[in-house]
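1. Sharing a sequence plus its predicted fold:
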Amino acid sequence: DQQVKQNSPSLSVQEGRISILNCDYTNSMFDYFLWYKKYPAEGPTFLISISSIKDKNEDGRFTVFLNKSAKHLSLHIVPSQPGDSAVYFCAASEWGRGNQFYFGTGTSLTVIP
Amino acid sequence: GAGVSQSPSNKVTEKGKDVELRCDPISGHTALYWYRQSLGQGLEFLIYFQGNSAPDKSGLPSDRFSAERTGGSVSTLTIQRTQQEDSAVYLCASSLGDQITEAFFGQGTRLTVV
């Protein structure tokens, strides 16, 4: 059973506009969330994280929002750049357990120049 | 090296043969994870090593899969009697300590079973 879901397999955005990638989770015990970015033929690379004590974390052009009541998080990229074109995975885990990151199926973002 | 290294990068094997996939984690990282990504699927957890603790094998899909980590460093994932459904990209990651920090992934091994 998929505990972390990314329901949009792909997204296309014009350069300079905002990209919004969404992620839903089912396990209320999850309290730490991460976004990874993956280029073809490479392993995923860490992008940004958020713990459940926050509802927003910002790093440059990337902001992650967490809505615990809705069990929903989103990644905003503003402004989007062609180099942002990649597959984005969200992942969730329980802080302090450190054993399993549950990943979504990924959203392929294409930023159109 | 500075990052997580996996070998081979690509492996084609015949159905029924055994394969070994290798992972060299980042030096000093005590946690090591194996994941796989099948076509059109998310990353599926396989196994987790943390220091000298017993590994968490709860994600291994069958008893054909096993993994070991020698000396708290290099890990080998072994798949016996490979099946076509084992075809996937196998990703290794490592992280610091037993707290959750971001895991650093290798480039993966693409396994194709023909």
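-> On my side now, so go ahead.
2. Using CSV, write down the CA coordinates of stretch A:65-84.
-> Listed next in CSV are the C-alpha coordinates belonging to stretch A:65-84 (Å, rounded to 0.1, in the frame of the first residue of the first chain):
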residue,chain,number,x,y,z
PHE,A,65,4.6,23.7,2.6
LEU,A,66,3.2,21.2,5.0
ASN,A,67,-0.5,20.8,5.9
LYS,A,68,-0.6,18.2,8.6
SER,A,69,-4.4,18.2,9.0
ALA,A,70,-4.7,17.4,5.3
LYS,A,71,-1.7,15.1,5.3
HIS,A,72,-0.5,17.1,2.3
LEU,A,73,2.8,18.8,1.3
SER,A,74,3.8,20.7,-1.7
LEU,A,75,7.0,22.0,-3.3
HIS,A,76,6.9,25.4,-4.9
ILE,A,77,9.7,26.5,-7.3
VAL,A,78,9.7,30.1,-8.1
PRO,A,79,10.8,31.2,-10.7
SER,A,80,11.1,27.9,-12.6
GLN,A,81,14.2,27.4,-14.7
PRO,A,82,14.8,24.9,-17.5
GLY,A,83,17.5,23.3,-15.3
ASP,A,84,14.7,22.4,-12.9
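3. Pull out the buried residues from that stretch.
-> For stretch A:65-84, the neighbour count (16 or more other C-beta atoms under 10 Å in any protein chain shown) marks A:65, A:66, A:71, A:73, A:74, A:75, A:76, A:77, A:80, A:84 as buried. Just so you know, the C-beta spots here come from the backbone N, C-alpha and C atoms, and that holds for glycine as well.
4. what about that stretch, near chain B?
-> No - contact of stretch A:65-84 with chain B is not found when judged by C-beta under 8 Å from any C-beta of the partner chain; the minimum separation is 14.6 Å.
5. want to throw the buried residues of stretch A:65-84 into JSON lines with secondary structure and pLDDT?
-> Shown next, in JSON lines, are the buried residues of stretch A:65-84 (DSSP: H, G, I helix; E, B strand; the rest coil; pLDDT from 0 to 100):
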{"residue": "A:65", "secondary structure": "strand", "pLDDT": "98"}
{"residue": "A:66", "secondary structure": "strand", "pLDDT": "97"}
{"residue": "A:71", "secondary structure": "coil", "pLDDT": "97"}
{"residue": "A:73", "secondary structure": "strand", "pLDDT": "97"}
{"residue": "A:74", "secondary structure": "strand", "pLDDT": "98"}
{"residue": "A:75", "secondary structure": "strand", "pLDDT": "98"}
{"residue": "A:76", "secondary structure": "strand", "pLDDT": "98"}
{"residue": "A:77", "secondary structure": "strand", "pLDDT": "98"}
{"residue": "A:80", "secondary structure": "coil", "pLDDT": "98"}
{"residue": "A:84", "secondary structure": "helix", "pLDDT": "97"}
